[in-house]
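J.: Got a predicted structure here, sequence first:
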Amino acid sequence: MNSDAAPSLDQLRGLHLPAETGAAQGAVMLAIALGFTAALAFGLLRWLRARRRGSVRRAALRELAAANALPPESRRVAQAQLLRRLARTLQGDAAADAQGAAWAATLDRLFATTFFSAGAGRIFADGLYQRGAPEPGPVDAELARLFARIGA
């Protein structure tokens with residue numbers, strides 16, 4: 001017989017894993033379990049954060065609706081107080097303590113807009129008691145729109 005001939009099928013050995021695979025399989029399973037746990041924890045954290053932001057949004061919209069039922073002068077003061085509380089809740093005390101143009105910039109950053117520095121919302125930064133205040137309707141509508149986007 002020729003030694004270069006291919007072995008027959010009955011001479012082939014069955015498939016088997018190397019002897020030291022037990023430790024490697026355990027490490028792989030541990031890595032999979034840790035990855036799954038981390039993904040689950042991350043998802044839970046995001047869900048809780050979204051839920052918290054949603055409750056802030058609901059509370060802000062509810063308080064804004066209550067403020068909008070007030071006369072125009074009292075309405076602006078209530079809305080300004082609400083904006084301060086909202087900034088304190090979402091960005092901290094330092095952001096809520098800003099004054100003037102810094103306050104307008106803080107609000108613009110908070111809501112990703114230019115309404116407070118370049119629009120009718122300047123009244124909340126320049127002074128609530130100035131004469132010639134803008135009509136309450138457009139300001140109220142824009143505040144409601146901005147509040148609805150909180151956490152979205």
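T.: The structure has been received and is ready for your questions. Numbers count the residues shown, from 1 in each chain.

J.: all helices for the chain, in order.
T.: 21-68, 72-91, 93-96, 100-111, 115-118, 123-126, 136-148 (DSSP state H).

J.: Flag the shaky bits of the chain, pLDDT-wise.
T.: Applying pLDDT under 70 to the chain flags the ranges 1-7, 17-24, 53-54, 128-134, 151-152.

J.: switch to 90 and redo it
T.: Applying pLDDT under 90 to the chain flags the ranges 1-29, 47-62, 64-65, 67-77, 80, 87, 89-101, 103, 110-112, 115-152.

J.: picking up where we left off before, let me have the helices of the chain in TSV, extended by distance to residue 13.
T.: In this view, the C-beta of every residue, glycine as well, is placed from N, C-alpha and C. What follows is the helices of the chain, written out as TSV (distance: least, CB to CB, whole Å):
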stretch	distance to residue 13
helix 21-68	17
helix 72-91	67
helix 93-96	71
helix 100-111	69
helix 115-118	76
helix 123-126	81
helix 136-148	69
